[in-house]
Each structure stands twice: as structure tokens, then as C-alpha cells.
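>>> build the 3D model from these lines:
(4 chains)
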Number of protein chains: 2
Amino acid sequence: MTDTKVRNMEEFAALSGISRPTVSKYFQDPESVRPSTRSRIEKALERYDYRPNIYAVNQNRRLTKNVGIVVPYLTDPFFAEIARKIEERFSEAGFRPTMYSPYGQPDAESEILDSLRSLKPAGVLFAPLGRASDRGALEKFCADVPTVLFDSNLEGIGEAFVGSDNFSFVSQTVEYLVRTGAPPCFFEMRTPANPNANKRRAAYLETMQEFGHEPLVLKIDGEGWAFEEIGREGARRILESGGFPRDTVLCSNDRLAIGLLSACYEKGLRVGRGEGCALRVASHDDHPFAKFTCPSLTTAAHDYDAVAIRAVSTLHELIEAGGSFARRDETLFPAKLILRSSA
Amino acid sequence: MTDTKVRNMEEFAALSGISRPTVSKYFQDPESVRPSTRSRIEKALERYDYRPNIYAVNQNRRLTKNVGIVVPYLTDPFFAEIARKIEERFSEAGFRPTMYSPYGQPDAESEILDSLRSLKPAGVLFAPLGRASDRGALEKFCADVPTVLFDSNLEGIGEAFVGSDNFSFVSQTVEYLVRTGAPPCFFEMRTPANPNANKRRAAYLETMQEFGHEPLVLKIDGEGWAFEEIGREGARRILESGGFPRDTVLCSNDRLAIGLLSACYEKGLRVGRGEGCALRVASHDDHPFAKFTCPSLTTAAHDYDAVAIRAVSTLHELIEAGGSFARRDETLFPAKLILRSSA
DNA sequence: TGAAATATTTTACGCGCGATAAGTTTTGAT
DNA sequence: ATCAAAACTTATCGCGCGTAAAATATTTCA
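Below is the predicted model:
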């Protein structure tokens, strides 16, 4: 590689012996030029290592190749993992994905949308905070930018939704717990941040009804996104005031369960399905750490890959459709029950 | 807010009754225009909600307000947490931080640097993969872009380094374990990805020597970044072939320890410092999940905040210094011992 | 009140590339 | 060899803004 620094496309075109418009065409789609020209450009590319100025490109293109990925809490490995899968797929498809997270703060979410808008992205995959989101801000954003919601559905917002079927999660765990032991009580936050939590509670109530068992919901206090801490404190309080009302607990999500398990361990309460176990615990999500809890956590798993793949392909379709669908599709993937040691 | 859509700065300037160059000046630094002008612009801003085109701005400015944050593995809550803190501070300072992660892959790391370079960032905070990094690529990058390394130090790369003092981590844990019980063996990967691991081993050897104890290093097999899994498998193998050679184990990092604890639980081996405990386990990092392991993990904590704050301020200084320092400074923050139940 | 100091306006150019139109060459099938 | 289609070249414009120089207006302070 020669060290002649190439200032712009004009210069690079001269060096490769091709006209600038053709070089421009090449960078927009290498297949769109004749093989012989392509190889000449690529040879020059090896020698001079030029890349089009991304700002000039984006200023002039009708549509950028940027896509936004927004998740509510990026330090949660669950979201980090799904964001990663989505990011990977976009990169492969030649887009420039950028990740954003409001870390639970509604005003930060609105700010992200504002700054995202000014990036003129081709599209956005958006997992909203949920209850706390500023609905008006989201609607305005979605009116301007092709947006697909994932993970957490807000009715009427975005051109489509891709996520997991909460009913499938809960019906499977409840069915399993009932079949192999006793009907569970349901362990959740009093004021969940996420609409999925409400759907899970509803599914619990419905499924228990169906099986002819009395439902019992334990609502624990706590605000914010420190779910493990909240789960642990909630469980401690229950254990210190007489213990759980049933010998089987179904947690709304794995992060609460992680906290609960830690409280049980601390109190010397043995969790699992074997001899000498006082409590069975199951949960939902298959959080990346659920394999390493003590005992390892029986849970219903998201189909991470399916959600990521479908979310990306749906956004692709949306972009190609010009930014809007005739109908707002909702795709829900079923859960897969993962049997481990906790129940 | 009126719904007249403002196309560009020209139009907005006309609407606010100020000339375009002055409006341009305002957006670069609101303090640089007369208060009376400023308030006129801001009044217009409330009515018309205009924002300068980010691509046109960045194309023409000598230096963008972009900064890059690169961490080796973003789905690791440890990195996610520190990246978050850094991101937050840059946002407050009026920069546009963007996060990148190669997820352990050296070629992805080089690609990130390439695409980062084309963003013409004012500076980059970079936590390299370590051993696997393509040193040549990093050097070339750092020659063009003001870069400060953090977390993981590669000698001679970047204009400065900010991180934690590995010796301080290990000397504190070893001292504590020796003082309150017995000298630990050291549990680590055979081929650690990160230079910090080597420094920790060296610190272990040195500290044990100093205390007059025979060091003992257990090297477990495994490749990649699935440290919990690797730690668990390594511990299983040890437990199944006679158990740990000492009753105290010091893990190189918390993620390995999480795996080890899970293996111990599985095998019915009670970990902790009380009666009936067969093993004491301590570690390093204070991973966000270390509070929730069973038992909770005694560990040496990074000063996350100090590292984040110093990394950001160092990069600020570097940018203001025009991109290079006279001397490559290395800032190391000491660890803080966190006593929990595992040792 | 007046002159110097500071802000603002006017004017004009450039950044690097996308897009388009009109003319020229190359291609590949007859 | 012929000819139309495909690919390329040349020329030119526009995107939205930064920046600089010169002219003008406003403020500041004696």
C-alpha cells in the first residue's frame, strides 16, 4: 500500500483511471458496474485505501444506511445479548447500526429519539421503556422514521411489533409446575415497568383458572431497574415474615428470580425439586446468567435468534416498502421451557 | 410550536431575524453571541424546533464532537457498566458518544477502528481485546486519532492509559485470605485473553512469596469469552478428580468465580467462611452480579467511577492538547476490598 | 459625546459527494 | 460487420453548513 493520501473521490477516481460518477456508483453497489471496471477500482483500493467521506455521503443520499437500535437498559445482559444479535445482522447487510439506551429514564428515551431523528436513519428497531415512555414523543418520532418495535409492545406505536408470546411463557411454566408438583404463587413487582409483566400476570391468572387452581400473586415493592436487588429484598421480607405461602414460586422474570434465589440461599432455604428442598422456583426469560444461579434456574426461554432475525427482516421490509405497512403486524414467538435444577 | 417546517439554517436564520453566520456561531457556542441575539434565536427555536444537519456540520468542522467508546465485550455487564458511565459523562459535556464492541473478535476490532476513523472523532476511549489485538492496526489508528486506552493496557499504544492497579487487587485479597484463614491457590485460565490476568498472576506469586507461602496456580482450559462456563467446567473437573488442593481459592476474576461457585453448589460443596464450609472463594472485579451469587462473593472492586471520570477527563485534555501528550501517562486506581460471604 | 472595542451582517467560497443529462465508448448478440 | 443496449465519461448543479474578509452596527467606557 502506497502512502499517497487520497483526499477525495475525485482524486481516487483519477488514480484508478475511472470517472468519479462511476466510482460513486461502485461504492453504492459494487455489482452495478462492469466486472472489468470493478476490478480496476478494487486494485486501486488496495493500493490507496480510500473510503468515501461518510458525512458527505449521508448529506446527499436520499436515505442513509444508518439504523438505530434502542433498548431500555443496555447493562442488562438480556438486552445486551439481543441488541448484539440484531447489530450483527445489520452489519452483515451493509447497514451502520448504532445502539442507544435510556437506562430506564423516560426523558433520556425522548432525547435519544431526537438525536436519532437527526441521523436520518433508514429505520429504527425500538424496544421502549414501556409504561414510563412518553407516548406522544414516540408517536411523533414514528411518524417521521420507519420504526419497528420489539420486546415490549405499545399498541398503535411503530409499524410492526416483534417479540415473544408472554402467554406461551407462563402457560408452559405453570403447566410444568402443576404437573410435576404443586400450583405456584406468582412473584412480581407491584409496579412493573414493562407491559410484558402485566401480560404475564394475566396469563398466570388465566392458566391457573384453567387448571382449576387458586391463583396467588405476591406483589413486592421497589422502583427502578435494579430487579435483582428488588427481588432479593422482597424475598427476604417474605421469608422473615413466615415464608412463602406456597412451596412453589413462579417469578415474573429471571432477574427477580436471581434475587429471590440469593435470599433463599442466605436464609438457608434449599431450592430445587429433589429431596430436602423446601421450595421450587421457576421463572421466565432465560437470562444469560440463569445457567449459573444456585441452583440453576428452570425458566422459559425467549427465542432470541428468532426475535432478532425477524425484527431485522421486518425492518428491511419496512424500509423497502417506503416506510409504512398497510397493516401493523405483530409477530409473537413462543417460549421454550428450559428445565434446570430450581424446579 | 408552529408546524412550519424549517429546511435549513438559512431559513431558520430568516425566521429568527438573525443572519446565518451568527446563527451558525450560536450553535457552535451559544455563549459566543450577545445575550439579546441569543434570546432571539432561542425564542425562534421554541417556535420552529430546528436542528442543524449533523452531516453538513461534521463535514465542514475541523473537529467533530464525536467520541468513540470501544470495549471488548459489551454483553459483559462489567464492560456495559463502565461504558455506560463513560457515555453519560461525554453526553453531559456536549459530545456524541458512540459505543462499539468487537465481542472478542480481533478482526471485528480492526474493522471497528476503520469505521471509527471515518467518523473523524475528536477522540476515542479504547479498551482493547489485549493479547488477540492486531497491534499494527491499533498503532496505525492511534497515529491518526487521539486515543486513550482504558481497562487493559498495551504498552506504547495510545496517548495515555487509565485503569485499575492489578497488584492492589491481588495483594489485598491475598492478604485478607492469609490473615483470616489459609493461603489461597490461584484459579485462572490457561491462556487468558487479557493482560490484566497476567499481572494478577504475577501479583499473586509476588504477594505469596512476600508472606512466605508457597504459591499454587491452577490453570484451567478453555478458549473464548464464556468465562462463567469455563470456570464451571474447570471447577467441575477439579472437584471430580479429588477436589481443590487447598481450602481457599482466589479466582483471577469474578466471572470465573461465578462459574466456580455454581460448580461447587452443584457438587454440594459448601462455600464460605463459617462453620461447615469446605471452601473459601474470593475474586477480583466486583462484577455487577457478585452481590447475587450463592454465597455472595468476596472480591476486590474496581473504582468504576474513578476510572470513568479520569478516562473522560484525560481524553478531554488530550483533545485540547491537540491530540498528543508529551509523555504517555498511566493512571492506576487501587482496588477496594469488598467482604461478602464467600470468604 | 465620541472613539475604540466588540458584535453582527453581508458577501463569497469551499467541503465531498449524489444526481442528472448529454455525449461517447464498449459489449454482446445477430 | 452491424447495431442497439449497456456502461462509461464529461459537465454541471445542489446539499447544508463552516469559514473568512470586509463592511456595518452596537456597546462600552472614558
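
>>> any idea which helix or strand carries A:Glu330?
strand A:329-333 (DSSP states H and E).

>>> flag every buried residue along the helix or strand following that strand.
Sequence-wise, the next helix or strand downstream of strand A:329-333 (DSSP H and E) is strand A:336-338. In terms of neighbour count (16 or more other Cβ atoms under 10 Å in any protein chain shown), strand A:336-338 has its buried residues at A:Leu337, A:Ile338. The C-beta positions use only the backbone N, C-alpha and C, and glycine is treated the same way.

>>> wait, A:Glu139 sits on A:Ile157?
Yes - using Cβ atoms under 8 Å, A:Glu139 is in contact with A:Ile157, at 6.2 Å.

>>> neighbour-wise, which of those two wins?
Neighbour count, other Cβ atoms under 10 Å in any protein chain shown: between A:Glu139 and A:Ile157, A:Ile157 has more, with 18 against 13.

>>> now the closest residue to that one other than its chain neighbours: how far from DNA strand D?
Counting by Cβ to Cβ, 6 or more residues apart in numbering or on different chains, the nearest residue to A:Ile157 once its immediate chain neighbours are dropped is A:Leu138, at 5.2 Å. Remark: distance between A:Leu138 and DNA strand D (Cβ to the nearest atom of the strand, to the nearest Å) = 25 Å.

>>> and what of A:Pro334?
In terms of Cβ to the nearest atom of the strand, A:Pro334 sits 46 Å off from DNA strand D.

>>> ok, now how distant is that residue from A:Gly163?
Relative to A:Gly163, A:Pro334 is positioned 11 Å away (Cβ to Cβ, to the nearest Å).

>>> so for those two, which sits in the more crowded spot?
Remark: of A:Pro334 and A:Gly163, A:Gly163 carries more neighbours, 20 against 15, as counted by other Cβ under 10 Å.

>>> my guess is the more buried one is in a helix, correct?
No - looking at A:Gly163 with DSSP: H, G, I helix; E, B strand; the rest coil, it is strand, so not inside a helix.

>>> do you know the pLDDT at it?
Per-residue pLDDT puts A:Gly163 at 96.

>>> hang on, it packs against A:Leu154?
No - with contact defined as Cβ under 8 Å, A:Gly163 does not count as touching A:Leu154 (11.1 Å).

>>> what sits against A:Arg62?
By Cβ atoms under 8 Å, 6 or more residues apart in numbering or on different chains, A:Arg62 lies in contact with nothing.

>>> dihedrals phi and psi, it?
phi -60, psi -50 (degrees, to the nearest 10).

>>> A:Ile220 - nearest residue in space that isn't next to it in sequence?
Nearest non-adjacent residue to A:Ile220 (Cβ to Cβ, 6+ apart): A:Gly234, at 2.9 Å.

>>> residues near the one you found, how many?
A:Gly234, neighbours per other Cβ under 10 Å, totals 23.

>>> look up how far chain B lies from it.
14 Å (Cβ to the nearest Cβ, to the nearest Å).

>>> which SSE is that residue in?
With DSSP H and E as the criterion, A:Gly234 is inside helix A:227-240.

>>> centre of the chain versus the helix or strand immediately after that helix in the chain, how much separation?
Counting by DSSP H and E, the next helix or strand C-terminal to helix A:227-240 is strand A:248-251. Its chain's C-alpha centre and that of strand A:248-251 lie 24 Å apart, by Cα atoms, centre = their mean, to the nearest Å.

>>> tell me which strands and helices strand A:248-251 is in contact with?
helix A:166-180, strand A:185-189, helix A:254-266, strand A:280-285 (3 or more Cβ pairs under 8 Å, 6 or more residues apart in numbering or on different chains; DSSP states H and E).
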